[in-house]
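Trainee: Have a look; sequence and predicted model below, questions after that.
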Amino acid sequence: MHRLALALTVLLLVASQAAGEEILFRSKDPKGDDRGAGGLVYPSHEVFVPGLFDLLQFTVSSDEQYVYFDFQFAALTNPFRAPEGYFHQRLELYITTGSGLGSDQIQVGRYRLHTIPEAPWDLRLSAVPFGGSRLQIWRGPGSQPETVSSGVTSLALTEDKTIRLQVDRTLLPDPSSAWGYYVLVGAFDGLAEDEWRDMGPGPWQVGGTGVPVFDLLAPRWGPKGQRAQLDQGVLAPVYKGETTLWYWLAGSLATVALGFLLWRWIRGT
């Protein structure tokens, strides 16, 4: 009965999505970088199809009732019929609002990472199937984060291969262009610590080496690249406009390199 009620709630949420959502933040992520720091391997069972943990785009939008956090993937399936419409992804979104409150610790299962010292998180959103999505929020100095699940829902927008976290606006401060986002993509395991699928042998565990975070919202290379962040265990938030700059720089370098090769070919060298 609980699953039926949850499924009906998700259907109603999808049906009632407002057409006039305001886009507050949008950032692309490199395709094909879903190997964590470079050594992660998908679980070998056939249900783990390629692209499940490959984040392509992250978007924040809002309307009068809700703030929406959308995570688009290369693949999205629901083999075990979770009522939200997705099963495999386990998502963590840490937000630094600039309030000065919060923590520098980022917990994924039994693994602990950290934020850069100047950008602690004060909002944490967890996307978990089977009704497990939740919000943690720091309310004041010297306190512990408050956990809220009522008013926090995740659902699949299957046509776009997108998982949406929908949060009642009354639970959050007003979104700001000054917010920075830490986005972590892992695999869901309802029996694991914090529902985060761990490393280990067998067809259902994550293989390879490293922390079992398949993807970050981060550039592919450079000092703030995904590999560098995960190797160091210190993550950097993404702010509005940053990834646009990364892609512009990458495109410019590619254009210069292509022009140089063409120039050498014309000269016959």
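Mentor: Noted; the coordinates are in hand.
Trainee: So residue 228 lies in a helix, does it not?
Mentor: Yes: per DSSP: H, G, I helix; E, B strand; the rest coil, residue 228 lies within a helix segment.
Trainee: Could you give the number of residues near it?
Mentor: 16 (other C-beta atoms under 10 Å). For glycine as for every other residue, the C-beta is placed from the backbone atoms N, C-alpha and C.
Trainee: unless I'm mixing things up, it is touching residue 222, no?
Mentor: Yes: look at residue 228 against residue 222 with C-beta atoms under 8 Å: they come within range, at 7.1 Å.
Trainee: Which strand or helix spans residue 202?
Mentor: According to DSSP states H and E, residue 202 maps onto no helix or strand at all.
Trainee: Could you measure from it over to residue 108?
Mentor: Taking C-beta to C-beta, to the nearest Å as the measure, residue 202 falls 20 Å from residue 108.
Trainee: Between those two, point out the one with more neighbours.
Mentor: residue 108 (19 against 9).
Trainee: Show the end-to-end separation of stretch 26-33, please.
Mentor: 19 Å (C-alpha to C-alpha, to the nearest Å).
Trainee: what comes up buried for that stretch?
Mentor: 27, 28, 29, 30, 33 (16 or more other C-beta atoms under 10 Å).
Trainee: ok, those vs residue 141, which is closest?
Mentor: Closest approach between the buried residues of stretch 26-33 and residue 141, by C-beta to C-beta: residue 27, at 30.4 Å.
Trainee: per-residue confidence for the closest one?
Mentor: Listed pLDDT for residue 27 reads 98.
Trainee: Quick check: it touching residue 58?
Mentor: Yes: counting by C-beta under 8 Å, residue 27 touches residue 58, with 5.3 Å between them.
Trainee: Need the residues touching each of these two.
Mentor: 181, 217 (C-beta atoms under 8 Å, 6 or more residues apart in numbering).
Trainee: excluding its backbone neighbours, what's nearest residue 230?
Mentor: residue 37 (3.9 Å; C-beta to C-beta, 6 or more residues apart in numbering).
Trainee: again with residue 229
Mentor: residue 235 is the one closest to residue 229 (C-beta to C-beta, 6+ apart), at 5.1 Å.
Trainee: go on, residue 161?
Mentor: Closest to residue 161 by C-beta to C-beta, 6+ apart is residue 76, at 4.1 Å.
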